[in-house]
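Colleague: Okay, sequence plus prediction incoming.
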Amino acid sequence: MNPVHAGHTARERARAELLREIKEEARRQLAEAGADGLSLRAVARSLGMVSSALYRYYPSRDDLLTALIIDAYNALGDALEAAAASRSAASASGRWAAVCHAVRAWALASPHEYALIYGSPVPGYRAPEATIGPASRMPLAFAGILRDAVAAGELAVVPGDGPPLIEGTLAKQATALAAALSAADAPEVPPDALVRAVIAWTQLFGMISFELFGQFVGTFEPTDGLFAHAVTQLTAFVGLR
């Protein structure tokens, strides 16, 4: 083995390990003080580093926040894509439900990371373009399930006694979004169904946020039964047979 190459590999491994330790300490601080209280100096102090050394890896608090946000989106993306793949032979409704439950399971296991990406905005922080791809993994996974449902004839245009077909500005917005989410090898999701899916998606996150932030304490606690019932209802609302 080339000794220069071997040395470079060792340095890369050491760098990767240090980055992991920095982010782990930052996540610990998130749990204690929230994103507002995240401090590069405090992270460096906890790791026994001088601040100037840490700045070589993350020049600002926002750079470190961005790294944590990307990690959180990717961890959630991994979880829901695995859930969708595990039900790939089942119906679209089964895959949709599996993904909904996977999102909740990840949020309950990683509440501070969930709060970082779906909680209150961090004052003064503006997410860079690098976060767009990781953040898109979840909506794209849901869109993929809808496309498969259209192809298999498992998606109703107006499910049961559902809402009327959309029109006006909303119809134009949904049509543009449906076109943007279309895939060359799959039919386009009808704009009406896409709007119902977005409504169901926001309801999903509303329930998860209520649970994580203590809004169900003393009522629907534990929330397992309520959440499972809501997923069933929202799946039907979307029009998945």
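Modeller: Cool, the structure landed. All values reported here derive from a predicted model rather than from experimental measurement.

Colleague: Contacts only, for the closest residue to R147 other than its chain neighbours.
Modeller: For R147, ignoring the flanking residues on the chain, the nearest one in space by Cβ to Cβ, 6 or more residues apart in numbering is A186 at 4.0 Å. Using the backbone N, CA and C atoms, a C-beta is placed for each residue, glycine as well. Contact analysis of A186 by Cβ atoms under 8 Å, 6 or more residues apart in numbering lists R147, D148, V150, A151.

Colleague: how about 10 Å then?
Modeller: A143, G144, L146, R147, D148, V150, A151 (Cβ atoms under 10 Å, 6 or more residues apart in numbering).

Colleague: Tell me which helix or strand the fifth one sits in.
Modeller: Taking DSSP states H and E as the criterion, D148 maps to helix 132-152.

Colleague: Keeping just the C-alphas, turn that helix into CSV.
Modeller: Extracted in CSV, the C-alpha atoms of helix 132-152 (Å, rounded to 0.1, in the frame of the first residue of the first chain):
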residue,chain,number,x,y,z
ILE,A,132,-33.3,21.2,-0.1
GLY,A,133,-32.3,17.8,-1.3
PRO,A,134,-32.4,16.0,2.1
ALA,A,135,-35.7,17.8,3.0
SER,A,136,-37.3,16.7,-0.2
ARG,A,137,-36.8,13.0,0.5
MET,A,138,-40.0,12.6,2.5
PRO,A,139,-42.4,14.4,0.2
LEU,A,140,-40.9,12.6,-2.7
ALA,A,141,-41.4,9.3,-1.0
PHE,A,142,-45.1,10.1,-0.4
ALA,A,143,-45.4,11.3,-4.0
GLY,A,144,-43.9,8.0,-5.2
ILE,A,145,-46.5,6.0,-3.4
LEU,A,146,-49.3,8.2,-5.0
ARG,A,147,-47.8,7.6,-8.5
ASP,A,148,-47.8,3.9,-7.9
ALA,A,149,-51.4,4.0,-6.7
VAL,A,150,-52.4,5.8,-9.8
ALA,A,151,-50.7,3.3,-12.0
ALA,A,152,-52.3,0.4,-10.1
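
Colleague: quick one: buried residues of that helix?
Modeller: 134-135, 138, 141-150 (16 or more other Cβ atoms under 10 Å).

Colleague: Quick one: mean pLDDT for stretch 202-211?
Modeller: For stretch 202-211, mean pLDDT rounds to 96.
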